[in-house]
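*Asks:* starting from these lines, generate the structure:
(one chain, ligands or ions: 1)
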Amino acid sequence: MSETYDYLFKFLIIGSAGSGKSCLLHHFIESKFKDDSSHTIGVEFGSRIVNVGGKSVKLQIWDTAGQERFRSVTRSYYRGAAGALLVYDTTSRDSFNALSNWLNDARTLASPNIVILLVGNKKDLDEARDVTFLEASTFAQENELIFLETSAKTGENVEEAFLKCSKTILAKIDTGELDPERIGSGIQYGGPALRNLQTRQRSINKPDCGCRV
Ligand SMILES: Nc1nc2c(ncn2[C@@H]2O[C@H](COP(=O)(O)OP(=O)(O)OP(=O)(O)O)[C@@H](O)[C@H]2O)c(=O)[nH]1
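*Replies:* Just a heads-up that it's a prediction; the model follows:
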């Protein structure tokens, strides 16, 4: 069955091992907590169509391994991402301290206009909290990131994280700050918009691939 959507966005989930990236993806796709999650080997993939401000958007999401030994593999998936969830664990200062490195990788290896949402996960473990909301929101402000705390266990703010990132990308398309037609933008048109684009491409004698992610 063919899927119809207005846009397709390539998303990444990055951050330290054990911060809950796979559980966030699983909750977003399956609406439940993955309680037997083990370390990701390389990358995993999920996709879902969401409605954002009246537009249907297919999110193509790459969940990357946080372990250092997979860094060279995971880095190769950064290219052409439109959005990223940069995840730390609110109960782990080490995962918070590592954010600058992850951010640097995302900004240098993915699209320069990538929209990044900082996610403080494991919000449900408040008694074990090691990073305050205030210091993380200060970090987010200093680095021009959107910020949310989530729990992949209870599902709190999981949907919101993906939707907020998508909404920001759509707003940037509307203002012209992001150009879906730029190769490597991490954005594709779907449905009628894609057909129009392909017709235009054919008329100027370019290959009809429609693939811009
Ligand atoms: N209490 C609680 N535990 C969580 C939450 N999210 C993940 N976990 C647990 O944290 C551990 C690591 O979760 P994963 O999703 O596998 O972590 P990851 O970031 O994908 O790890 P890597 O694949 O190694 O990079 C698992 O034992 C999860 O059950 C959460 O929101 N709350």
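
*Asks:* quick one: Arg75 and Gly42, what's the gap?
*Replies:* 11 Å (Cβ to Cβ, to the nearest Å). Using the backbone N, CA and C atoms, a C-beta is placed for each residue, glycine as well.

*Asks:* when those two are compared, which one has more neighbours?
*Replies:* Neighbours were counted for Arg75 and for Gly42 using other Cβ atoms under 10 Å; Arg75 has more, 16 against 13.

*Asks:* just the pLDDT at the more buried one, thanks.
*Replies:* Arg75 carries a pLDDT score of 91 in this model.

*Asks:* equivalent analysis for Arg48, please.
*Replies:* pLDDT, Arg48: 97.

*Asks:* isn't it up against His26?
*Replies:* No - Arg48 is beyond contact range of His26, at 11.4 Å (criterion: Cβ atoms under 8 Å).

*Asks:* compare the two (neighbour count), which wins?
*Replies:* Neighbours per residue, other Cβ under 10 Å: of Arg48 and His26, the larger number sits with His26, 21 against 14.

*Asks:* is it fair to say that one lies in a helix?
*Replies:* Yes - the assignment for His26 is a helix, going by DSSP: H, G, I helix; E, B strand; the rest coil.

*Asks:* ok, now which ones touch the closest residue in space to it that isn't next to it in sequence?
*Replies:* Leaving aside its sequence neighbours, His26 sits nearest to Lys34 (Cβ to Cβ, 6 or more residues apart in numbering; 3.9 Å). Contacts for Lys34 were tallied using Cβ atoms under 8 Å, 6 or more residues apart in numbering; they are Ser22, Cys23, His26, His27, Ala152.
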